[in-house]
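J.: sequence unknown, structure follows:
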(Lines give C-alpha, C1' and ligand atoms only; values in the text may rest on other atoms or scores of the structure.)
Protein backbone atom coordinates (compact mmCIF):
# COMPACT_ATOMS: atom_id res chain seq x y z
CA UNK A 1 0.00 0.00 0.00
CA UNK A 2 1.26 3.46 -0.78
CA UNK A 3 2.32 5.75 2.04
CA UNK A 4 -0.38 8.35 1.20
CA UNK A 5 -3.17 5.76 1.43
CA UNK A 6 -1.82 4.46 4.74
CA UNK A 7 -1.72 7.98 6.17
CA UNK A 8 -5.31 8.62 5.08
CA UNK A 9 -6.49 5.33 6.64
CA UNK A 10 -4.65 6.02 9.90
CA UNK A 11 -6.08 9.55 10.10
CA UNK A 12 -9.58 8.28 9.32
CA UNK A 13 -9.24 5.61 12.02
CA UNK A 14 -8.07 8.17 14.58
CA UNK A 15 -10.94 10.52 13.66
CA UNK A 16 -13.47 7.68 13.90
CA UNK A 17 -12.22 6.51 17.30
CA UNK A 18 -12.07 10.09 18.58
CA UNK A 19 -15.62 10.77 17.36
CA UNK A 20 -16.91 7.60 19.01
CA UNK A 21 -15.17 8.47 22.29
CA UNK A 22 -16.60 11.99 22.23
CA UNK A 23 -20.10 10.65 21.51
CA UNK A 24 -19.82 8.11 24.32
CA UNK A 25 -18.54 10.74 26.77
CA UNK A 26 -21.36 13.12 25.85
CA UNK A 27 -24.03 10.45 26.28
CA UNK A 28 -22.50 9.20 29.53
CA UNK A 29 -22.36 12.68 31.11
CA UNK A 30 -25.36 14.57 29.71
CA UNK A 31 -27.68 13.60 32.60
CA UNK A 32 -25.06 14.60 35.17
CA UNK A 33 -24.55 17.94 33.40
CA UNK A 34 -28.31 18.57 33.36
CA UNK A 35 -28.62 17.66 37.05
CA UNK A 36 -25.67 19.92 37.96
CA UNK A 37 -27.25 22.85 36.07
CA UNK A 38 -30.49 22.33 38.02
CA UNK A 39 -28.57 22.29 41.33
CA UNK A 40 -26.70 25.43 40.27
CA UNK A 41 -30.02 27.14 39.47
CA UNK A 42 -31.54 26.14 42.83
CA UNK A 43 -28.51 27.43 44.73
CA UNK A 44 -28.40 30.67 42.72
CA UNK A 45 -32.03 31.59 43.37
CA UNK A 46 -31.49 31.05 47.10
CA UNK A 47 -28.54 33.47 46.93
CA UNK A 48 -30.38 36.20 45.03
CA UNK A 49 -33.67 35.89 46.94
CA UNK A 50 -33.05 35.07 50.58
CA UNK A 51 -35.61 32.75 52.15
CA UNK A 52 -36.51 30.88 48.95
CA UNK A 53 -37.80 27.40 49.75
CA UNK A 54 -39.33 26.58 46.39
CA UNK A 55 -39.81 28.22 43.02
CA UNK A 56 -41.72 27.92 39.80
CA UNK A 57 -40.14 28.51 36.44
CA UNK A 58 -41.48 29.85 33.16
CA UNK A 59 -39.43 29.83 29.98
CA UNK A 60 -39.84 33.12 28.12
CA UNK A 61 -37.53 32.38 25.20
CA UNK A 62 -34.34 30.42 24.47
CA UNK A 63 -32.19 32.48 26.88
CA UNK A 64 -34.63 33.83 29.47
CA UNK A 65 -36.47 32.15 32.31
CA UNK A 66 -38.71 33.87 34.87
CA UNK A 67 -38.69 32.23 38.28
CA UNK A 68 -41.19 33.00 41.05
CA UNK A 69 -39.72 32.43 44.52
CA UNK A 70 -41.77 31.33 47.51
CA UNK A 71 -40.92 31.06 51.22
CA UNK A 72 -41.67 28.11 53.50
CA UNK A 73 -45.25 29.37 54.00
CA UNK A 74 -45.87 29.42 50.25
CA UNK A 75 -45.88 33.23 50.05
CA UNK A 76 -44.41 34.88 46.95
CA UNK A 77 -41.23 36.66 48.08
CA UNK A 78 -39.72 37.73 44.76
CA UNK A 79 -38.92 37.06 41.16
CA UNK A 80 -35.71 36.00 39.52
CA UNK A 81 -34.54 36.02 35.95
CA UNK A 82 -32.16 33.39 34.65
CA UNK A 83 -30.73 35.16 31.63
CA UNK A 84 -27.67 35.77 29.53
CA UNK A 85 -26.23 38.52 27.41
CA UNK A 86 -23.09 39.58 25.64
CA UNK A 87 -19.96 40.43 27.60
CA UNK A 88 -16.57 41.61 26.36
CA UNK A 89 -15.25 38.11 25.60
CA UNK A 90 -18.50 36.16 25.21
CA UNK A 91 -21.79 35.39 26.93
CA UNK A 92 -22.43 36.19 30.58
CA UNK A 93 -25.12 34.10 32.28
CA UNK A 94 -26.76 35.62 35.36
CA UNK A 95 -29.42 34.88 37.94
CA UNK A 96 -30.96 38.21 38.98
CA UNK A 97 -33.34 38.57 41.91
CA UNK A 98 -36.03 41.23 42.27
CA UNK A 99 -38.51 42.06 45.00
CA UNK A 100 -42.21 41.36 44.37
CA UNK A 101 -42.77 44.85 42.91
CA UNK A 102 -39.72 44.62 40.62
CA UNK A 103 -38.59 47.99 41.95
CA UNK A 104 -35.52 46.71 43.77
CA UNK A 105 -32.79 44.18 43.02
CA UNK A 106 -32.36 41.58 45.74
CA UNK A 107 -29.12 40.17 44.32
CA UNK A 108 -27.25 38.84 41.33
CA UNK A 109 -25.21 35.69 40.82
CA UNK A 110 -22.84 35.11 37.90
CA UNK A 111 -23.33 31.55 36.66
CA UNK A 112 -21.09 31.58 33.58
CA UNK A 113 -18.68 34.01 31.96
CA UNK A 114 -15.59 34.04 29.79
CA UNK A 115 -14.41 37.54 30.64
CA UNK A 116 -10.71 38.40 30.84
CA UNK A 117 -9.13 36.89 33.98
CA UNK A 118 -8.11 39.59 36.46
CA UNK A 119 -10.18 42.27 34.72
CA UNK A 120 -13.66 41.55 33.42
CA UNK A 121 -13.75 38.29 35.34
CA UNK A 122 -13.93 40.43 38.50
CA UNK A 123 -17.72 40.52 37.93
CA UNK A 124 -17.71 37.28 39.95
CA UNK A 125 -16.18 38.97 43.01
CA UNK A 126 -18.42 39.37 46.04
CA UNK A 127 -17.94 43.17 46.33
CA UNK A 128 -19.13 43.67 42.75
CA UNK A 129 -22.20 41.42 43.06
CA UNK A 130 -23.15 42.75 46.51
CA UNK A 131 -23.41 46.33 45.31
CA UNK A 132 -26.49 45.36 43.25
CA UNK A 133 -28.38 44.21 46.35
CA UNK A 134 -30.97 46.82 47.29
CA UNK A 135 -30.40 48.99 44.21
CA UNK A 136 -33.43 50.52 42.58
CA UNK A 137 -34.32 49.57 39.04
CA UNK A 138 -33.31 50.46 36.36
CA UNK A 139 -29.57 50.31 37.09
CA UNK A 140 -26.77 52.57 35.89
CA UNK A 141 -23.05 52.73 36.68
CA UNK A 142 -20.39 55.27 37.57
CA UNK A 143 -16.64 55.04 37.01
CA UNK A 144 -13.91 55.74 39.54
CA UNK A 145 -16.09 56.82 42.47
CA UNK A 146 -18.68 55.50 44.88
CA UNK A 147 -22.21 55.83 43.52
CA UNK A 148 -24.44 58.40 45.20
CA UNK A 149 -27.59 57.58 43.24
CA UNK A 150 -29.49 54.48 44.50
CA UNK A 151 -29.83 53.36 40.86
CA UNK A 152 -26.07 53.17 40.24
CA UNK A 153 -23.28 50.70 40.91
CA UNK A 154 -19.54 51.28 40.66
CA UNK A 155 -17.92 49.91 37.50
CA UNK A 156 -14.79 47.80 37.76
CA UNK A 157 -11.73 49.92 36.97
CA UNK A 158 -10.15 48.69 33.75
CA UNK A 159 -13.16 46.51 32.95
CA UNK A 160 -15.88 49.01 32.17
CA UNK A 161 -17.16 46.94 29.24
CA UNK A 162 -17.83 43.94 31.50
CA UNK A 163 -19.49 46.17 34.11
CA UNK A 164 -21.60 47.84 31.43
CA UNK A 165 -22.54 44.41 30.05
CA UNK A 166 -23.75 43.20 33.45
CA UNK A 167 -25.77 46.42 33.92
CA UNK A 168 -27.33 45.97 30.46
CA UNK A 169 -28.19 42.32 31.16
CA UNK A 170 -29.78 43.29 34.49
CA UNK A 171 -31.82 46.09 32.91
CA UNK A 172 -32.93 43.92 29.98
CA UNK A 173 -33.98 41.18 32.41
CA UNK A 174 -35.89 43.70 34.53
CA UNK A 175 -37.78 45.01 31.49
CA UNK A 176 -38.57 41.47 30.34
CA UNK A 177 -39.74 40.44 33.82
CA UNK A 178 -42.02 43.50 34.05
CA UNK A 179 -43.50 42.74 30.65
CA UNK A 180 -44.02 39.08 31.51
CA UNK A 181 -45.55 39.68 34.96
CA UNK A 182 -47.88 42.41 33.71
CA UNK A 183 -49.38 40.19 30.97
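T.: Sure, I can see it. Just so it is clear, the model here is predicted, and its values are computed rather than measured. Numbers count the residues shown, from 1 in each chain.
J.: isn't residue 51 up against residue 75?
T.: No - using Cβ atoms under 8 Å, residue 51 is not in contact with residue 75, being 9.4 Å away. All C-beta atoms are positioned from the backbone trio N, CA, C, and that covers glycine.
J.: residue 78: neighbour count?
T.: 26 (other Cβ atoms under 10 Å).
J.: so it makes contact with residue 70?
T.: No - using Cβ under 8 Å, residue 78 is not in contact with residue 70, being 9.1 Å away.
J.: overlap in contacts, those two.
T.: residue 52 (Cβ atoms under 8 Å, 6 or more residues apart in numbering).
J.: max-length helix in this protein?
T.: Ranked by residue count and defined by DSSP state H, the top helix of the chain is helix 3-48.
J.: I'd assumed residue 114 was in contact with residue 87.
T.: Yes - contact criterion Cβ under 8 Å: residue 87 and residue 114 qualify, at 7.2 Å.
J.: list the buried ones in stretch 128-141?
T.: Neighbour-count burial for stretch 128-141, counted by 16 or more other Cβ atoms under 10 Å, picks out 128, 129, 131, 132, 135, 137, 139, 141.
J.: rewinding a little: of residue 87 and residue 114, which one has the most company?
T.: Shown here are residue 87 and residue 114; by other Cβ under 10 Å, residue 87 has more neighbours (27 against 13).
J.: now that one: how far from residue 158?
T.: According to Cβ to Cβ, to the nearest Å, residue 87 stands 15 Å off from residue 158.
J.: in the sheet, which strands lie alongside the one helix or strand residue 105 maps to, parallel or antiparallel?
T.: Following DSSP states H and E, the helix or strand that holds residue 105 is strand 105-112. Strand pairing for strand 105-112, using DSSP bridges, gives strand 91-98 (antiparallel).
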